[in-house]
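Engineer: What shape does this take:
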Amino acid sequence: MSELKELHVQVKFGAGVPTPLRGEALLDFERMLRKLTGQRIEVFQEKRGDDSRLRAAMTEQQRAKL
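Structural biologist: Numbering: from 1, shown residues only. Now for the predicted structure:
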């Protein structure tokens with residue numbers, strides 16, 4: 001289980017990146033990492049945790065399909 005805790009990435013956005021784009025960028029980056037590695041990597045915004053409104057609205061089953 002401790003291995004799963006290590007499968008995350010923290011992203012820090014500059015102030016100039018519009019808030020609505022941040023959630024989409026986090027989701028896209030997570031999808032890309034999962035595709036490249038075959039592992040369930042999660043991507044979070046450094047400052048506030050997960051800023052993805054899209055992902056926050058998803059069920060666990062929907063997130064597992066990413």
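
Engineer: Skip ahead from the lowest-mean-pLDDT helix or strand in the chain and say which helix or strand is next.
Structural biologist: For the chain, using mean pLDDT, DSSP states H and E, the weakest element among its helices and strands is helix 2-5, scoring a mean of 56. If you walk from helix 2-5 toward the C-terminus, the next helix or strand you reach (DSSP states H and E) is strand 8-11.

Engineer: can you pull the buried residues of that next one?
Structural biologist: By 16 or more other C-beta atoms under 10 Å, the buried positions in strand 8-11 come out as V11. Just so you know, the C-beta spots here come from the backbone N, C-alpha and C atoms, and that holds for glycine as well.

Engineer: and after it, which helix or strand comes next?
Structural biologist: Sequence-wise, the next helix or strand downstream of strand 8-11 (DSSP H and E) is helix 19-37.

Engineer: separation between L33 and R53?
Structural biologist: 20 Å (C-beta to C-beta, to the nearest Å).

Engineer: Report the secondary structure element holding the residue most central in space within the chain.
Structural biologist: Relative to the mean C-alpha position of the chain, the nearest C-alpha, by C-alpha atoms, centre = their mean, is the one of V43, at 2.9 Å. Secondary structure from DSSP H and E places V43 in strand 42-45.

Engineer: What is the distance between that strand and the centre of its chain?
Structural biologist: Centre-to-centre, strand 42-45 and its host chain are 4 Å apart (C-alpha atoms, centre = their mean, to the nearest Å).

Engineer: what ranges of the chain fall below the confidence cut-off?
Structural biologist: Filtered on pLDDT under 70, the chain yields the residue ranges 1-5, 47-52.

Engineer: Good, wrapping up.
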